[in-house]
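> Structure, please.
(chains A and B)
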Number of protein chains: 2
Amino acid sequence: MQFMSPTFEKPILTVDIVPLTLNEGRLCVLRARRGADPYAERQALIGGYVHVGEDSHLGDTARRVLSAKAGLTDLYVEQLSTFSGADRDPRGWSASVAYFSLSPRERLEPALKIEGLELKPVGEAEGMPFDHDRILAAAVARLRGKGAYSDLPARFLGPAFTLAELHGVYENVLGEKLNIDAFRRKVIERGFLEETGEKRREPGANRPSLLYTLRKGHSVFDRRV
Amino acid sequence: MQFMSPTFEKPILTVDIVPLTLNEGRLCVLRARRGADPYAERQALIGGYVHVGEDSHLGDTARRVLSAKAGLTDLYVEQLSTFSGADRDPRGWSASVAYFSLSPRERLEPALKIEGLELKPVGEAEGMPFDHDRILAAAVARLRGKGAYSDLPARFLGPAFTLAELHGVYENVLGEKLNIDAFRRKVIERGFLEETGEKRREPGANRPSLLYTLRKGHSVFDRRV
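You can find the predicted model right below:
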């Protein structure tokens, strides 16, 4: 049996992506200068329309858009939430499925070579068109909420890291000082870390520090969507 | 300036809703028998198209559909996730924004008076059309994941409840026995309960029990979406 797609007016469906990283100890978002109206020349989240002939699902759309507009081909993205309404886009009733990614700064290097793309501290990013301020705020809230000793902030580090490095990342993400002993205890309790078996001597340290990595399969973030 | 809506083929945009409740100690989902093809006569999640002329955003769509198809006008719904793809609906490339609600069984009574609507234990609901099995599984996972001493299971109770009642609900939701003393300690620590100042004597109890309620503004569930 063949079913017809409904003939009434359909909303616009887009994705918007919030690539987050730490740059010089500050939580930053990757943004792009818009090439076309509406809001040409304004800095905004990277986004695009669903292409029904190309994308097998919305996760594909997010990856295609990141590749085409930011030269990024291997970021893990997680779906954040869907933002919608009659008034959020001057082109008509629209829904945007927002994705976010958390990665070390060097993973975003290819994007920073493209004219118009920039890393902006999240605290200075206000004033974006559409509801992009709200989408960014939701991504930061998700990171910081789960960041209560979740594995998410660890995504800003490379594959192996010391607990001292992880402690610094949490402090940067949460924007507050964290007692190192309580931090170590809680983060170990959470069970998402495993020792690599290797050690690294930090500059100025007397003894080498244990290196940790994220336990495979622990997080939904390990699944591509 | 007037912007044209894009002229290329747009995906279908729908909402699907997962109303969960406890019925005789079992976690159940409210489903409806489909009236029209595709999948006419099959039991499925309650869903519908976005109506761009009527709905100010997707939360509105969810409430309109719940009212029209299930006679439910005051459920709090929370957005779960968006499911999408070229193949999930025979009518074409579609995205469905899934919402879920958690409520005492009596809040669903109006729906159960409608022909074709039913409460189905989630463990016996498999075999729904589209990707509705997957959407239901995601809602249950959200409930049980956050259910690690979150406030979500408390939504199955009325406005005031004893810790013993809450303990029973958690056991039903998680499908396992929970040590009552550890449960009390953890759930109090979490800070989402407050004492109402009232007590209730349970049948067979020697002393009346303190009544609790959910602290206002604690949960995202307090916001209508």
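> Quick one: mean pLDDT for the longest strand along chain A?
For chain A, the strand reaching the highest residue count under DSSP state E is reported as strand A:12-23. Along strand A:12-23, the predicted confidence averages to a pLDDT of 97.
> same thing with stretch A:143-157?
Per-residue pLDDT over stretch A:143-157 has a mean of 83.
> before we move on, back to that, and the longest strand of chain A, anywhere near chain B?
Yes: judged by Cβ under 8 Å from any Cβ of the partner chain, strand A:12-23 and chain B are in contact via A:12-13. Glycine gets a C-beta too; all of them are placed from N, C-alpha and C.
> Sheet partners, orientation included, of that strand?
Looking at strand A:12-23 with DSSP bridges, its partner strands are strand A:26-33 (antiparallel), strand A:46-49 (antiparallel), strand A:94-102 (parallel).
> got the angle for the helix or strand following the shortest one vs strand B:94-102?
By that I understand strand A:46-49. Toward the C-terminus, strand A:46-49 is succeeded by helix A:58-70 as the next helix or strand (DSSP states H and E). Taking axes from the mean of the first three to the mean of the last three Cα atoms, to 10 degrees, one finds helix A:58-70 and strand B:94-102 inclined to each other by 120 degrees.
> Next, format the strands paired with strand A:12-23 as CSV and append mean pLDDT.
CSV is the format used below for the strands paired with strand A:12-23 (pLDDT from 0 to 100):
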stretch, mean pLDDT
strand A:26-33, 98
strand A:46-49, 97
strand A:94-102, 97
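> Quick check, pLDDT for the nearest residue to residue A:113 once chain neighbours are set aside.
Leaving aside its chain neighbours, residue A:113 sits nearest to residue A:71 (7.3 Å; criterion: Cβ to Cβ, 6 or more residues apart in numbering or on different chains). Residue A:71 is assigned a predicted lDDT (pLDDT) of 97.
> can you tell me which residues contact the nearest residue to residue A:89 once chain neighbours are set aside?
If you skip the residues right next to it in sequence, residue A:89 has residue A:130 as its closest partner in space, 5.9 Å away by Cβ to Cβ, 6+ apart. With Cβ atoms under 8 Å, 6 or more residues apart in numbering or on different chains as the criterion, the residues that contact residue A:130 are A:16, A:39, A:44, A:88-89, A:96.
> can you tell me how far the closest residue to residue A:25 other than its chain neighbours sits from chain B?
The shortest distance from residue A:25 to any non-neighbouring residue, by Cβ to Cβ, 6+ apart, is to residue A:172 (5.1 Å). Using Cβ to the nearest Cβ, to the nearest Å, one gets 25 Å for the distance from residue A:172 to chain B.
> where's residue A:172, which helix or strand?
Using DSSP H and E, the element containing residue A:172 is helix A:163-174.
> Which residues does that helix contact?
Contacts made with helix A:163-174 from outside it, assessed by Cβ under 8 Å, 6+ apart, are listed as A:22, A:25-27, A:143-144, A:147, A:149, A:153-154, A:156-157, A:177-178, A:180, A:183-184, A:187, A:202, A:209-210, A:212.
> Among those, which lie within helices?
Assigned to helices by DSSP state H, the following of the contacts of helix A:163-174 qualify: A:143-144, A:180, A:183-184, A:187.
> in terms of contact, does residue A:29 touch residue A:18 like I think?
Yes: at 5.9 Å, residue A:29 and residue A:18 qualify as touching, with contact defined as Cβ atoms under 8 Å.
> shared neighbours, the two?
With contacts taken as Cβ under 8 Å, 6+ apart, residue A:29 and residue A:18 have A:45, A:136, A:139 as neighbours in common.
> List the residues that contact the second one.
Okay, so that is residue A:136. Contacts here follow Cβ under 8 Å, 6+ apart; on that basis residue A:136 touches A:18, A:29, A:45, A:122, A:125, A:128.
> Nice, that's everything, thank you.
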